[in-house]
Structures are given as structure tokens and as C-alpha cells.
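**Q** Any chance you can model this:
(2 chains)
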There are 2 protein chains.
Amino acid sequence: MKNILHFDIKIEDGIFEKIVGEKDSIGYYDLPTQDLNYLQKYIKELKKNTDYDTIKDIVVIGIGGSSLGSKAIYRALKPIRSFSKKLHFFESTDPVAIRSTLETIDAQNAHFLVISKSGTTVETVSVYKYVLGYLGKKDICLDYRFTFVTDHDSKLELHSKTMKSFLLHIPNNVGGRFSVLSAAGLAPLFLIGVDVQKLLDGALNIKKSFFEDGYIKNTILKKATYYAKNSMRYNINTLFAYSESLKYFSEWYVQLWGESLGKKQKNSSFNVGLTPIGLIGPKDQHSFLQLIVEGLRDKSVTVLKVENFNDTIKIPNVTLHGIEELDLINNIAFCDLINMQADSTIEALLDKEDIPVDTITIKQVNEENIGKLIFYYELLTSVVGQMMDVNAYDQPGVEDGKQILKRKLLKK
Amino acid sequence: MKNILHFDIKIEDGIFEKIVGEKDSIGYYDLPTQDLNYLQKYIKELKKNTDYDTIKDIVVIGIGGSSLGSKAIYRALKPIRSFSKKLHFFESTDPVAIRSTLETIDAQNAHFLVISKSGTTVETVSVYKYVLGYLGKKDICLDYRFTFVTDHDSKLELHSKTMKSFLLHIPNNVGGRFSVLSAAGLAPLFLIGVDVQKLLDGALNIKKSFFEDGYIKNTILKKATYYAKNSMRYNINTLFAYSESLKYFSEWYVQLWGESLGKKQKNSSFNVGLTPIGLIGPKDQHSFLQLIVEGLRDKSVTVLKVENFNDTIKIPNVTLHGIEELDLINNIAFCDLINMQADSTIEALLDKEDIPVDTITIKQVNEENIGKLIFYYELLTSVVGQMMDVNAYDQPGVEDGKQILKRKLLKK
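**A** Next up, the predicted model:
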């Protein structure tokens, strides 16, 4: 992974030390070196108690931090790996979505993971109850049908003890949106056959590079300093990925960035924040690029490139009568074309001189590089959070809505 | 469709007259009253020349304005209608995406629509050439296999004349991102069985209401005035739709809004613009809501609600030992729950007092209401564009990148 910044700023004094200072109390920093034995034990238990090989569908019931991470990784790897089982996600209370997701699942041969850090997420528990009823109507045995992934001693853990089921924990000091490399994200991926150790290896590579004076340390500190110091001018940060496989990685990034950095400052009552936008090229060249190039100068742009698509399909040597001018694309591999498009976008943006641009390049989409990207963005979020004087790890702003909903439900 | 603004401002003098002034030269205003005979003729020709009933896959090769509109409508209606054919989209030069889309298509029984307003869109022509090669290798007859949808007298039209194929036109004065209700959007929808007349009926309802002093006129003018006058303070406009079916409608909105309003002003060299963000509830309550509620006050929020999901699935009356506190969701229909979540979000946002909020409510997702939403957003975009002194109908900012790409291709 390479990250080149096309802007410069003096790194904020003391900011690295602040990250070192929070490192012991914030759990996600430790995830890359976790012992994965618990997953081996888990699958052993699953194999003992279920007809494991006949399970075709692994179903996640979770929302936000309990689904976006595993979905991002699954969707990135799906086109290039052949998994033994399919992964599905219930992430909404939309009845139409619930029904269409159910239609794609062979419930008799499905295993469900109910993932909720707090253990009482309304959406997750609602869908879980519905699935219980649905399985009941079909006379499908509930024993060992569910795995619960939640905080130690949560109410969901208590509930899990009342039935024959499996239980995995999210470390209490790992926040939901930072939990992709904990059991919350890893368990479903492990069940379908993702090499989760490689995800951790990638994350560890970036962690070491950051904490042990490696290549990524200055880059992250400089980028974070720039973003934080210019947060009123460039209040929007776009991630422009030139690979359809990374569409859901963008969604994961949007939650991480938005929910971590959109806060009241700790030492003032100021509302601050940086707004994330996930774009996919070249599609969004035909949608969003005009706004970046000619619109208000309120956006930074990170272009994310994949060097090697492991795919050599080419545009054939065909002349179209009438459109001879486009003979110049003949014989070009699509992977080269998409990267030339990315490079053209970068050049066009750099020409403008007042748009902060940086580029991230990964060699290819694979477990290790996804692990790197994840940890890179988590670290960047932490550093920007420290610089902006916010608690990057809580989300008090969504409590009001939850309380209002509760009152509405009680009145029903 | 109802639209309630929770903010107030005096409507800009003379702005309505400006829209009336541009109405005759900008083509999209006329689309709701177009005569759809050309589609009837088209399908008659198709039936005469192909084994129409055996066609299972309708495949759009297009990008940006040539795909986002029909995809938005297709994805909104797909869960509630049973279409006779499937609709597919090639929207990228990503080789992995091209291959996985191809894998889902039965090429022998597919009909392809190559949609490009200019007729020389690099992505579209690249994929078209690849598909030609692919069909050739499979010895699939190319006669009457393609429909071309493009500007009058474009190079793609010239090309279409060299083979047995079908040709439809986009009116020259209808821009790509405003073309969903022209042949570009309607043709693929018509082929799979969407009642496209109803889309137009919905659009016409809003058009009349706006131009003939109906309920939507003041609302649109006031909202546009507010957005334009506060464009430096609230430079981000979020559309928060509480329905998974509207996910792709959001993407369509993002292109329309971003590409139309992100411009240099006509009478100055100022870069201005409003940044669109499409959100889906309740999922994004667990991702983006924190940023809206506690982050920098740079966002307006439009909550889009669907009154009736035509779906009565309920949360069963199940008590979960350990989580008895959530018995309060028992017996509630999911459609009520999701709307209570929307209302809770609205209340929580209104409590803040410095977040401009408005709500749009449609009775249900259907052709007519999607038509209304489309025309509502097109009109709103036009009015904001006039107020911000930009040409809402061009996109000069993406030319640089195209030229750079061309130079790179010539050097290859």
C-alpha cells in the first residue's frame, strides 16, 4: 500500500504522543495481534452440533458497525474468491427488504449470527424476533441455529444462555464501528472461508509501520493534521475508489469517519465534524466529478487505486463505422483503462491547485490489503479525532432519537 | 406527495419568471406530455424482428445519466412488481464488474440497449465493443440484438445504420441527467413491463402544480431560495429516505444535484455548489446521523417517508428472556416501526433548531409517485440553479479529465 499526499503541512506537535497515550484504553489497537483460537474453537463446536457442511447460508442480523465491516470485506472478495457458503445481511426494519432477503435464504440450511454490541439494538432484536417466528412457522429446529455476538454480560448474552446456541464476545473497549476486526466482523467471514488471519496480518503491518516509525507514520500524521486544521474550509472528504469491489468499503468508511468525527468538542460546546463521501470511479466521474472540479472548494479527494485486477479482459480490435475516433481504445485491457481514468482524474484535480488530493494504491484486492486499508483508516480517524478535540469513540448524538422512539413505542 | 418545510424564508423575487423563461429551450420540461407512440412502434418492430417472448434479459450499456434513472426506477419497483424480464446494467470499465455482470446474463436470450447521449462515451463504447466480441465468440447472431439510444445525428446513430438494429432518440435539448423520462430511461423500463405512462402522469401532476399555481409551487420556490441563499453555510444537502427501495433513487438524486449545481457562476468566476448525500434509514441512523446531530452545522436534511409499504409483516409477540425491555416492539408492523423511526429522527433534528429540515411523504412506492419525485427534484434543481447563477444543464468541469485520458490513450 502506497499513500502519496499532494499537499504539505507541518505535523502537529505532540499529536503522535496523544495517540500513544490512548492506545492502552482503546481496544481496536490490539485487534491485529489477537489470538484467533476462539474462532477455531467456535467452528469446532459448530461442526459438533450442526450438520455444518450442509449449511449454505450464513446470515448476519446486525446494523451499522455490526454489518458494514463484514459486508465491505465480503463484497470486496466475492468476485475473486469462491466461498463455500453465501453471506446475507439483515440491516433494516424495512419490511420489503426483510422479505426479499428472506426469499434468498434456504432457512433449513442457514445459520444466523445476531450481532449487537449493546445487545439491545431495536432493529436487530426486531428482525431476530421475526426470524424466530418465521423459523417456528416452518417447524425448523432452533437448536444451535444461532450465534450471538455481543459485549460481555450484555442482555443478549443473558438471552443466549436460555437456548442451545453459540456465543462470541466483542471486547468491551472496542466500539461498534471499530469492531470489524473483532468477532463481530471476523466470525461471519471465517464461516464462509475468508482467511481472516491475513486480514489481521495486513492490519498489523500498518500498525507497526505507524507505531514503529515506518513509512505510514508521517503520512497519516500529516494528512490528519491537514484535514483537522482545514476542517472548516474543506469540511467534506471524498474517497474516490476506482474499483466496483470497494463500493461497500466506502460505506464502512463513511460510518467510521462520520460517526467518529461529527461531535461536540470535548473542551467547548462547538459542533465540529468532517463529512465523508464514498465515490466509485469511473461511474461517479459521470455524477460527482463536475461538482468537485468546478463546485465550491469544500472537498478533499483521496483517489484509491487498485494496481492489478487479476483480470486481463481487453477491448477487442473492433472499428465501429461512424465511431472510428474511438479506435484508440482498441486492444486496451479494461484494468489499464480504469487506471488511466483514475490517473486522468488525479491530473485534472491537481491542475486546479486548490483541491487537496492524495492517492492510495494497493497492489490488488485481497485479504491483506483490505486489512491494511481498514487499519489505515481507523488510525487516521483516531488522529483526526485527537486533533479536533472530540471523543472519536462514542456516539451520544443518536441517543435523543432512540429515546423519542421509545416514547412512541410505549404510547402505541 | 406532501412536502412540509420546517424553515421559512421570503421567496426570491422574479425567480419563478426566470424558470418560465427557460422553459421553452430546456427540453426536460416537456417530457411529461410526450406522446409515447414511439415506444409502441419500437416494441412492435422488436416483436416483428426478434423472438421477443424468449428474451429474458434486457441489458443497459450506459453510464451516469444513461443508467442511473432507469436503475432507480427499476430497483424501486422490483420488490413489488413481477416483471417479465430482468434488467441489467453495465456502468463501469472495471473488468471484475464487467465479468460478473456478464455471468448473470443469458446472452442468447438477451437484448442490449446501448445508451449514450453524445454517442461517444468512452466507457459505453468500450463495453459495447467487448460485448460485440463476446457475442461473436459465442456465435450469437447480432442482427436486431441491439437498440441504440442517442442524440439525433450522433456518431452512434451513424453506427447504428451499419447494422440491423433499433434506434431511439434523446431530444437534443434534454441533458443526460435530466433524461430519465426520455427514451434513455423509458425504453429499458418499457421493455420489462413498467407502466411508463404512469411515470409521466406523476411528473405531469407536479409540473402542473408548479406552473399552474398549485400546492408545490411555493414549496419548491421557498426551499430553493433557502438552499441557494444559505449555500455557503449549509453546503451539504442530505436526502434521508426511509425505504431500502429508494437507495438507487438517492444515487440518481446525487448526480442530478451535484452535477447541475457544482459550477462556476455565469456572471463571475466563483466556484459554487451544493453537495448532495443520499442516506437510507434506519441503516444510516447507525452511520451518519451522529454527524448530522452533533457535527458542524453544514447540512440540510430532507426526510423522505413512504406511508404505506403494502406489507403487513409484524414483529411477533415473543418475549426474549433477558431482553424483556424490548417487549414494547411486539406486535408492531415493520412498516409502522420504520415510520416511527423516521418520525423520531425528524423530532430529534427539529429539537436542534439550527438544522434545516423538511419532509416529503409519498403514499407508496409506485410508478406515479416515483414520477412525481423525479419531476419535483428536477424542478428544485432548476430553481436553485437559477438562483445560484449557474448553468444547471452543462458539465464543462469533466472535460479536462476526458482530454487527459485521450492524450494517455494516444500515447499507448
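
**Q** Flag every buried residue along stretch A:126-144.
**A** For stretch A:126-144, burial by neighbour count (16 or more other C-beta atoms under 10 Å in any protein chain shown) applies to A:126, A:127, A:128, A:129, A:130, A:131, A:132, A:133, A:134, A:135, A:144. For every residue, glycine as well, the C-beta is placed using N, CA and C.

**Q** so which of the residues you listed also contact chain B?
**A** The overlap between those and the neighbours of chain B (C-beta under 8 Å from any C-beta of the partner chain) comes to A:126, A:128, A:129, A:130, A:132, A:133.

**Q** what's the neighbour count on residue A:231?
**A** 19 (other C-beta atoms under 10 Å in any protein chain shown).

**Q** my read: it touches residue A:274, true?
**A** Yes. Counting by C-beta atoms under 8 Å, residue A:274 is a contact partner of residue A:231 at 5.7 Å.

**Q** joint contacts of the two?
**A** A:388, B:296 (C-beta atoms under 8 Å, 6 or more residues apart in numbering or on different chains).

**Q** count of neighbours near the closest residue to chain B within the stretch 1-150 of chain A?
**A** At 2.7 Å from chain B, residue A:64 is the closest residue in the stretch 1-150 of chain A, using C-beta to the nearest C-beta. Around residue A:64 sit 29 other residues, with neighbours defined as other C-beta under 10 Å.

**Q** Surely it is in contact with residue A:258?
**A** No. Counting by C-beta under 8 Å, residue A:64 stays clear of residue A:258, with 11.1 Å between them.

**Q** who touches both of these two?
**A** residue B:287.

**Q** quick one, strands of the stretch 251-400 of chain A?
**A** Assignment of strands within the stretch 251-400 of chain A using DSSP state E, counting those that start in this stretch yields the ranges A:263-264, A:271-272, A:275-280, A:299-306, A:357-362.

**Q** Show me what the helix or strand that contains residue A:217 is packed against.
**A** With secondary structure defined by DSSP states H and E, residue A:217 is part of helix A:215-229. Applying 3 or more C-beta pairs under 8 Å, 6 or more residues apart in numbering or on different chains; DSSP states H and E, one finds that helix A:215-229 contacts strand A:2-5, helix A:15-22, helix A:196-211, helix A:367-387.

**Q** now for the helix or strand that the second one is followed by, which elements pack on it?
**A** Spelled out, it's helix A:15-22. Using DSSP H and E, the helix or strand that follows helix A:15-22 in sequence is helix A:37-49. Secondary-structure packing of helix A:37-49 (3+ C-beta pairs under 8 Å, 6+ apart): strand A:166-170, helix A:183-192.

**Q** okay, now the domains of chain A?
**A** A:2-23+A:198-396, A:27-194 (automatic domain parsing).

**Q** wait, doesn't residue A:360 sit right on residue A:2?
**A** Yes. Using C-beta under 8 Å, residue A:360 is in contact with residue A:2, at 7.1 Å.

**Q** Who are the contact partners of the residue nearest to the spatial centre of chain A?
**A** Residue closest to the average C-alpha location in chain A (C-alpha atoms, centre = their mean): residue A:252, at 2.8 Å. Counting by C-beta under 8 Å, 6+ apart, residue A:252 makes contact with A:68, A:69, A:71, A:72, A:180, A:374.

**Q** what helix or strand is the closest residue to it other than its chain neighbours on?
**A** Of all residues not flanking residue A:252 in the chain, residue A:72 sits nearest, at 4.1 Å (C-beta to C-beta, 6 or more residues apart in numbering or on different chains). If you go by DSSP H and E, residue A:72 is part of helix A:68-77.

**Q** on contacts alone, who are the packing partners of that helix?
**A** Under the contact criterion of 3+ C-beta pairs under 8 Å, 6+ apart, helix A:68-77 touches strand A:86-90, helix A:183-192, helix A:247-261, helix A:367-387.

**Q** so which of these comes closest to residue B:283?
**A** helix A:247-261 (9.1 Å; C-beta to C-beta).

**Q** do you know how far the residue lying farthest from the centre of chain A is from residue B:148?
**A** Largest separation from the mean C-alpha position in chain A: residue A:321, at 45.2 Å (C-alpha atoms, centre = their mean). Distance of residue A:321 to residue B:148, computed by C-beta to C-beta, to the nearest Å: 13 Å.

**Q** For the residue lying closest to the residue farthest from the centre of chain A once chain neighbours are set aside, report the pLDDT, please.
**A** Excluding the flanking residues, the one nearest residue A:321 by C-beta to C-beta, 6+ apart is residue B:162, at 4.5 Å. Looking at residue B:162, its pLDDT reads 96.

**Q** swap in the one 3 residues further on?
**A** Residue-level confidence at residue B:165 comes out at 98, pLDDT.

**Q** Could you check how far it is from chain A?
**A** As judged by C-beta to the nearest C-beta, to the nearest Å, residue B:165 and chain A stand 12 Å apart.

**Q** Beta-bridge partners for the nearest residue to that residue once chain neighbours are set aside, please?
**A** In this structure, residue B:165 finds its nearest non-sequential neighbour in residue B:146, 4.6 Å apart by C-beta to C-beta, 6+ apart. Beta-bridge pairing for residue B:146 (DSSP bridges): residue B:112.

**Q** Over to the one 5 residues further on?
**A** Residue B:151 has the following beta-bridge partners by DSSP bridges: residue B:170.

**Q** That one: what's it in contact with?
**A** Per C-beta under 8 Å, 6+ apart, neighbours of residue B:151: B:117, B:118, B:119, B:157, B:169, B:170, B:172.

**Q** what residues are up against the fifth one?
**A** Going by C-beta under 8 Å, 6+ apart, residue B:169 touches B:149, B:150, B:151, B:152, B:157, B:183.

**Q** Looking at the residues you listed, which is nearest residue B:201?
**A** For these, the residue nearest residue B:201 by C-beta to C-beta is residue B:183; the value is 17.8 Å.

**Q** wait, isn't the closest one in contact with residue B:150?
**A** No. The pair residue B:183 / residue B:150 is not scored as a contact, 9.3 Å apart, by C-beta under 8 Å.

**Q** Which residue of these two possesses the greater neighbour count?
**A** More crowded of residue B:183 and residue B:150, by other C-beta under 10 Å: residue B:150, with 28 against 25.

**Q** any idea of the pLDDT on the more buried one?
**A** 98.

**Q** sorry, back to before: could you work out the most separated pair of the contacts of residue A:252?
**A** Taking C-beta to C-beta as the measure, those have their most distant pair in A:71 and A:374, spaced 12.8 Å apart.

**Q** rewinding a little: who touches both of residue A:321 and residue B:148?
**A** residue B:159.

**Q** rewinding a little: any idea how far residue B:120 is from the residue nearest to residue B:165?
**A** Taking C-beta to C-beta, one finds residue B:146 at 16 Å from residue B:120.

**Q** Those two: who's more crowded?
**A** residue B:146 (23 against 19).

**Q** Tell me the confidence at residue A:412?
**A** Predicted confidence (pLDDT) for residue A:412: 80.

**Q** what residues are up against it?
**A** B:328, B:332, B:336 are the contacts of residue A:412 under C-beta under 8 Å, 6+ apart.

**Q** Give me the neighbour count for residue A:66.
**A** Every residue meeting other C-beta under 10 Å relative to residue A:66 is counted, giving 32.

**Q** Sorry, slip of the keys, the one I care about is residue A:84.
**A** 11.

**Q** Does it touch residue A:192 like I think?
**A** Yes. If you go by C-beta under 8 Å, residue A:84 and residue A:192 touch, sitting 6.5 Å apart.

**Q** Poorly predicted segments of chain A, please.
**A** Within chain A, not a single segment meets pLDDT under 70.

**Q** Which residue, other than its chain neighbours, is closest to residue A:367?
**A** Sequence neighbours aside, residue A:198 is the residue nearest to residue A:367 in space, at 3.7 Å (criterion: C-beta to C-beta, 6+ apart).
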